Structure formats: structure tokens, C-alpha cells
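Student: Give me a 3D structure for the following:
(2 chains)
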Amino acid sequence: DVKVTQSSRYLVKRTGEKVFLECVQDMDHENMFWYRQDPGLGLRLIYFSYDVKMKEKGDIPEGYSVSREKKERFSLILESASTNQTSMYLCASSLGGQGVDGYTFGSGTRLTVV
Amino acid sequence: AQTVTQSQPEMSVQEAETVTLSCTYDTSESNYYLFWYKQPPSRQMILVIRQEAYKQQNATENRFSVNFQKAAKSFSLKISDSQLGDTAMYFCAFMDHNAGNMLTFGGGTRLMVKP
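Tutor: Alright, predicted model coming up:
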């Protein structure tokens, strides 16, 4: 069964901490994405990557960075966590090309910043 | 930029009945894809159904079907014979054929199926 695995289901961090959210996929997908999910706002794209060492900003990149050193792994980094980054974070991957099969999602990381 | 709007934050339906979830979108593109995703309490997002804009025929997947009105930029999801397991958040999403693989999501509709 193909999977996108997010390293933590729940995470509590303190304001100002550097936070790493890890995502690994085993489908040899080219594309990987990080979204945050907030009530009423749906999912908003933070960053995405079409290839190793490649990254592109999404709609809300401020306060975040990403790393993709290997094809299967895409990390989201909160350089200095703030309370307004408390949210659900979803990682997803898709095949290259048209991606018409949609995404495969991880189960999400619920991050609380205190 | 494309926008996706789901005007019903919450809905409920009796088991075995039919419910329709609304979605509208705004785009100047002519070639694109539309999706409905389901997120149950487990949080795992599941693809329910997809529609290619160039296809006039509405997509169906078992009890799930869409009403795609391209001119009106409307993409509603109909769930027939609702089951308790259909209780979930439902997200409508848009993908521009020419803008890579990025999905733009609506705000979601929380559906409760009542016994």
C-alpha cells in the first residue's frame, strides 16, 4: 500500500523554537507539497517541490522554509515558531506531468505553538 | 489566481437520503481539473471523484456523482443513499492544466450523516 508518512501526528512546541515537520513518500513521486489547514479556510499551499533540491513558494510561505535533499523526503521548517502557526499541516505528493490522479496525502501533523 | 468557494460550512442528512454539496470556482482558463476530497475524522484525505473540464459528461463513482456546469463554473457533489461512514469534511479543489500540479482548495463543508 503506497503511503505518504508524516513523522508526527501531534506536536507541541514553544514560541521561538525551530520546528521540523518531516514527510516521506514511497511512491517515487516527483511532486511534493506542504499545506496548512485551518477551519473555514480550507487548505492553503505553503511550499511545493517538483524535484530534488528544487522548491517553489506557495500562497503563504512567510515564516516557513523547506528542504528536499532526497526525492522521497520533503521537510517543512518553521524557523522561529509563533502562536499563529498553530495549525494542521498536511503533506502530499503526486506524479509528475499532469498529476491528473490528484494527490496522495499524509495523515497530517497537528502543531500547537504555546 | 483561481479561487474555490464552498458556501455551506456545515450540512446534515439522514441516513439513506441524498445530499448535494455546492462548489463554485473562478478561473479564466479553459482546460482544468476539478476534484472532491473527503477527510474523515481519521484526517486521511481521500479522493472521492474528479472531473476533466473538457469532458461534458458528469463523473460518477458508485454513490457519488457530480453536476459540472462549466459555463456557470459550478461543480456540486451529490451523495446518494448516504451512509454513516460518509460523515466527514468535504473539500472541492481546482487544478489548472497549465500551471503544474498545484491544487487550490475551497474552505470545506462538514457533513454529518444522522442515523
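Student: beta partners of A:Gln25?
Tutor: Assessed by DSSP bridges, A:Gln25 has beta-bridge partners A:Val4.
Student: which residues sit in contact with it?
Tutor: Under the criterion of C-beta atoms under 8 Å, 6 or more residues apart in numbering or on different chains, the contact list for A:Gln25 reads A:Val2, A:Lys3, A:Val4, A:Thr5, A:Met32, A:Glu72, A:Phe74, A:Ser93, A:Thr104. C-beta here means a position set from N, CA and C on the backbone, and glycine is covered the same way.
Student: let's see 7 Å
Tutor: A:Val4, A:Met32, A:Glu72, A:Ser93 (C-beta atoms under 7 Å, 6 or more residues apart in numbering or on different chains).
Student: Just those: which are in helices?
Tutor: Taking DSSP state H as the definition of helices, those contribute nothing to them.
Student: pLDDT below threshold where in chain B?
Tutor: Per-residue confidence for chain B (pLDDT under 70) gives these ranges: B:99-100.
Student: quick revisit: with pLDDT and distance to B:Gln51 added, can I get the contacts of A:Gln25 in TSV?
Tutor: TSV is the format used below for the contacts of A:Gln25 (pLDDT from 0 to 100; distance: C-beta to C-beta, whole Å):
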residue	pLDDT	distance to B:Gln51
A:Val4	95	24
A:Met32	94	24
A:Glu72	95	30
A:Ser93	93	22
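Student: I'd like the distance from the nearest residue to A:Glu22 once chain neighbours are set aside to B:Thr27, if you could.
Tutor: Beyond its immediate neighbours in the sequence, the residue positioned closest to A:Glu22 (C-beta to C-beta, 6 or more residues apart in numbering or on different chains) is A:Ser7, lying 3.9 Å away. Shown here: A:Ser7 relative to B:Thr27, a distance of 35 Å by C-beta to C-beta, to the nearest Å.
Student: for B:Ala16, same thing?
Tutor: When C-beta to C-beta is the yardstick, B:Ala16 and B:Thr27 sit 36 Å from each other.
Student: what about these two, which has more around it?
Tutor: Between B:Ala16 and B:Thr27, counted using other C-beta atoms under 10 Å in any protein chain shown, the more crowded position is B:Thr27 (16 against 11).
Student: Residue numbers of chain B in contact with chain A?
Tutor: Proximity of chain B to chain A, by C-beta under 7 Å from any C-beta of the partner chain, involves residues B:9, B:33, B:35, B:43-45, B:47, B:50, B:91, B:95, B:97, B:101-103, B:105-108.
Student: Which strand residues bridge the spatially most central residue of chain B?
Tutor: For chain B, the residue whose C-alpha lies nearest the mean C-alpha position (C-alpha atoms, centre = their mean) is B:Trp36; its distance is 3.3 Å. Here B:Trp36 shows beta-bridge partners B:Ile49, B:Cys92, assigned using DSSP bridges.
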